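Colleague: pasted the sequence and its predicted model underneath.
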Amino acid sequence: MSKERLISEIELLVRRDPARRGLIGPDGEGPGTGELIEASRLFLDIITGVFLVTGFFIPDRNPTCETGGRTGGGQDIPVSGNAETDGPPGTAVLADVLAGLGVPVTVVTDALCEQVVRTACSIVTRYEIDVIASPIESVAAAGWRAEVQNRSDFQNLSHIVAIERVGPGHTRSSLQETDPAATSFINGALVNNPILLPGHCCNMRGENIDAFSADLHLLMESARSRNPTVKTIGIGDGGNEIGMGRFPWSELRARLSGPDADRIPCRIATDRTIVAGVSNWGAHAMAASIAVQFERLDLLERHTAESQERLIEKIVSDSGAVDGITRRREPTVDGLPFITQIQPWIAIRKRLGLQP
């Protein structure tokens with residue numbers, strides 16, 4: 001069987017929607033179909049360094065105060081929470097596979113998600129993976145980005161992959177520039193209610209989480225500005241992640257449910273965007289596809305279902321990771337018990353002739 005057909009089968013295994021987010025149809029159709037093979041081909045070009053961007057902060061309740069975003073004003077935010085269990089586990093596996101190929105890998109997150117991301121990488125990877133974290137406050141984050149841009153790993157970047165990382169939503173101007181199909185919305189609902197598209201980072205509930213999320217998309221944009229040949233890939237499951245700007249806002253909005261569907265889609269596009277039912281699945285599929293492309297399935301052997309269960313348990317018990325849907329500190333992902341959310345990875349491993 002050709003590599004292309006095998007990777008297409010892997011993609012289909014992760015294109016199901018048990019959490020009912022809406023982006024993937026019952027037959028796997030929807031935005032992102034066919035992107036996995038194209039994303040894996042991007043790694044067949046010269047690889048000089050990869051940044052993996054992850055970490056999605058989950059407030060423990062609805063942020064009730066208006067923070068005005070990352071103002072740097074020192075305003076107290078009466079909300080706590082932690083990074084969710086979706087994102088860091090898949091990122092750590094992808095980092096391990098890339099490092100196993102001899103690729104320099106840096107994992108990027110922000111201060112509020114740092115502990116969970118560091119724990120995941122320390123448990124999974126056999127190699128020295130540098131984890132760097134941006135401050136949240138805007139002025140400090142700008143200084144941090146300037147420092148990162150002087151690092152050798154940033155200057156040698158060839159690929160950036162964002163895995164379950166929130167990005168800013170659309171504004172009127174971004175919608176006008178990217179989605180001709182949204183003209184009626186712009187001239188209708190948006191005229192009557194201009195705050196429908198405030199351009200904030202939103203979680204799946206439509207809550208503004210700007211105050212809890214560093215602008216890591218700006219680091220990606222500066223990398224592309226410095227070197228337009230840098231390849232970018234987004235991996236997500238809900239429409240609000242970096243990379244979803246590759247798809248028309250009108251298509252994502254039509255598939256998402258709830259009163260805040262207008263403001264949820266992220267406007268940041270990537271060269272390729274993998275849409276999976278759970279973002280960890282997308283990262284697993286990306287790791288498996290790279291292993292297939294390089295004929296290095298041995299790099300996947302140690303990442304068994306059992307090791308993934310231990311990983312999720314540890315990031316919850318040791319670092320306080322939470323389920324993104326329930327907001328609870330429990331070893332589930334997107335409201336799914338482990339036995340449910342691990343099934344695509346088991347199926348991928350079996351398809352590749354590996355023990356579950």
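Modeller: That came through, no problem.

Colleague: what sits against I264?
Modeller: Going by C-beta atoms under 8 Å, 6 or more residues apart in numbering, I264 touches 169, 202, 204, 206, 238-240, 252-253, 256. In this view, the C-beta of every residue, glycine as well, is placed from N, C-alpha and C.

Colleague: export these as TSV, with columns for pLDDT, distance to L352 and secondary structure.
Modeller: Converted to TSV, those look like this (pLDDT from 0 to 100; distance: C-beta to C-beta, whole Å; DSSP: H, G, I helix; E, B strand; the rest coil):
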residue	pLDDT	distance to L352	secondary structure
G169	96	37	strand
C202	94	36	strand
M204	91	31	coil
G206	90	38	coil
G238	95	27	coil
G239	97	29	coil
N240	97	31	coil
L252	96	31	helix
R253	94	36	helix
L256	94	33	coil
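
Colleague: can you pull out the strands in the protein?
Modeller: 50-54, 57-59, 81-83, 105-110, 130-134, 159-163, 231-236, 272-275 (DSSP state E).

Colleague: coming back round to it: mind giving me the ChimeraX command for buried ones among the contacts of I264?
Modeller: Listed next is the ChimeraX selection for buried residues among those, using 16 or more other C-beta atoms under 10 Å:
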select :169,202,204,206,238,239,240,252,253,256
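
Colleague: out of the contacts of I264, who's nearest E306?
Modeller: Distance to E306, by C-beta to C-beta, is smallest for G238 among the contacts of I264, at 27.7 Å.

Colleague: correct me if wrong: the closest one contacts L23.
Modeller: Yes. Counting by C-beta atoms under 8 Å, G238 does reach L23; the two are 7.1 Å apart.

Colleague: columns mean neighbour count, mean pLDDT and distance to S307 on top of the strands of the chain, output as JSON lines?
Modeller: Listed next are the strands of the chain as JSON lines, based on neighbours: other C-beta atoms under 10 Å; pLDDT from 0 to 100; distance: least, C-beta to C-beta, whole Å:
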{"stretch": "strand 50-54", "mean neighbour count": "29", "mean pLDDT": "98", "distance to S307": "18"}
{"stretch": "strand 57-59", "mean neighbour count": "24", "mean pLDDT": "95", "distance to S307": "24"}
{"stretch": "strand 81-83", "mean neighbour count": "23", "mean pLDDT": "95", "distance to S307": "20"}
{"stretch": "strand 105-110", "mean neighbour count": "26", "mean pLDDT": "98", "distance to S307": "18"}
{"stretch": "strand 130-134", "mean neighbour count": "20", "mean pLDDT": "98", "distance to S307": "19"}
{"stretch": "strand 159-163", "mean neighbour count": "29", "mean pLDDT": "98", "distance to S307": "18"}
{"stretch": "strand 231-236", "mean neighbour count": "29", "mean pLDDT": "98", "distance to S307": "20"}
{"stretch": "strand 272-275", "mean neighbour count": "28", "mean pLDDT": "98", "distance to S307": "22"}
